[in-house]
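**Q** The amino acid sequence is not available; the structure is as follows:
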């Protein structure tokens with residue numbers, strides 16, 4: 001593969017990623033949360049009532065960031081999340097999504113699905129599957145090779 005084609009491919013991938021990020025961020029902003037905050041709520045909903053700790057949430061985040069505590073603090077302020085500190089071991093912190101948080105996510109589900117359909121409307125199902133395969137291949141390559 002030519003160096004120029006590789007550069008153009010990486011740039012196109014970055015542009016596409018930023019455009020998707022911008023579209024989703026704009027959607028969530030109209031509902032008073034950020035994309036990373038939505039990501040935390042999504043992770044907690046997926047745990048189906050089971051507690052999460054900070055490291056579990058950070059491992060599953062799409063956008064790896066060091067300010068997960070601040071994100072959770074904001075979600076607590078909004079009533080979307082509860083945090084419990086173990087009395088016997090103060091370092092053990094359990095985080096749960098609240099009923100309000102679940103209802104909030106449920107209210108966003110249809111809007112998010114509509115936005116996702118809009119973002120992918122130029123691709124048929126076969127193209128989506130191929131794109132997923134290629135992106136997975138890139139992610140695997142990046143994860144398995146530490147050439148940088």
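**A** Structure's in. What do you need? Please read all numbers here as calculations on a predicted model, not as lab measurements.
**Q** where does this protein have its least confident helix or strand?
**A** helix 54-60 (a mean of 88; mean pLDDT, DSSP states H and E).
**Q** Quick one: list the elements packing against that helix.
**A** Packing contacts for helix 54-60, counted by 3 or more C-beta pairs under 8 Å, 6 or more residues apart in numbering; DSSP states H and E, involve helix 35-46, helix 68-77, strand 93-97. C-beta: built from backbone N, CA, C; applies to glycine.
**Q** okay, these, which one's buried deepest?
**A** Mean neighbour count (mean count of other C-beta atoms under 10 Å) peaks for helix 35-46 among the helices and strands packed on helix 54-60, with a mean of 20.
**Q** helices or strands next to that one in the packing?
**A** Using 3+ C-beta pairs under 8 Å, 6+ apart: helix 35-46 touches helix 3-29, helix 54-60, helix 68-77, strand 81-85, strand 93-97, helix 99-119.
**Q** ok, and for the longest one, which residues are buried?
**A** Along helix 3-29, these residues count as buried under the neighbour rule (16 or more other C-beta atoms under 10 Å): 24, 27, 28.
**Q** got a list of what residue 98 touches?
**A** Contact analysis of residue 98 by C-beta atoms under 8 Å, 6 or more residues apart in numbering lists 79, 80, 81, 82.
**Q** Try it again at 10 Å.
**A** 41, 44, 75, 76, 78, 79, 80, 81, 82, 104 (C-beta atoms under 10 Å, 6 or more residues apart in numbering).
**Q** what's the closest of the helices and strands packed on helix 35-46 to residue 141?
**A** Distance to residue 141, taken as C-beta to C-beta, is lowest for helix 3-29 among the helices and strands packed on helix 35-46, at 12.5 Å.
**Q** Now do that closest one: distance to the chain's middle.
**A** 15 Å (C-alpha atoms, centre = their mean, to the nearest Å).
**Q** Can you pull out the low-pLDDT segments for this structure?
**A** 1, 144-148 (pLDDT under 70).
**Q** that older thread, could you dump the helices and strands packed on helix 35-46 into TSV with distance to residue 48 added?
**A** Formatted as TSV, the helices and strands packed on helix 35-46 follow (distance: least, C-beta to C-beta, whole Å):
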stretch	distance to residue 48
helix 3-29	22
helix 54-60	14
helix 68-77	18
strand 81-85	15
strand 93-97	10
helix 99-119	10
